[in-house]
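Q: predicted model, plus sequence, below.
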Amino acid sequence: MIIRDQAGLVLAALSQKIPLPTSVEIVEVIAARRALVFAKELGFERMLIEGDSELTIKAIKEKSLLSSDLGHILKDIHALSCSFSSIYFLHIKRMGNNVAHRLKDSSLTKL
């Protein structure tokens, strides 16, 4: 994950392995939850969370799939969302998420 300011400058980055993920959707919601925890730890108050899984972003925004395997993680995301003065979730195409995807192969944990 990458945290940027309004001008697009990188403020922080984090790469974390998720052991034994069972689906892409689970990886995406775990990553979204971790991004919120990371941003809260760093003291950010306004967030725009971008993800390339349309299903995941839709589930977060519409508070759907709460009874699925993703439900407990989605509930955590909604609870964490209350920690921010403003928060938006946006679906982007995979190419728009290129920098974050490159982090997964590096040993970089923070900038």
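A: Structure's in. What do you need? Residues are numbered from 1 along each chain as shown.

Q: low-confidence stretches in the protein?
A: The chain contains residues with pLDDT under 70 at 21, 64-67, 94-111.

Q: ranges for the helices of it?
A: Using DSSP state H, the helices of the chain run over 24-42, 54-62, 71-81, 98-103.

Q: so which of those gets nearest residue 88?
A: helix 54-62 (8.9 Å; CB to CB). (Glycine included, C-beta is placed from N, CA and C.)

Q: what is the closest one packed up against?
A: helix 24-42, helix 71-81, strand 86-91 (3 or more CB pairs under 8 Å, 6 or more residues apart in numbering; DSSP states H and E).

Q: which of the residues in that helix are buried?
A: Within helix 54-62, the residues scored as buried using 16 or more other CB atoms under 10 Å are 55, 56, 57, 59, 60.

Q: quickly name whichever of these is closest to residue 28.
A: residue 56 (3.9 Å).
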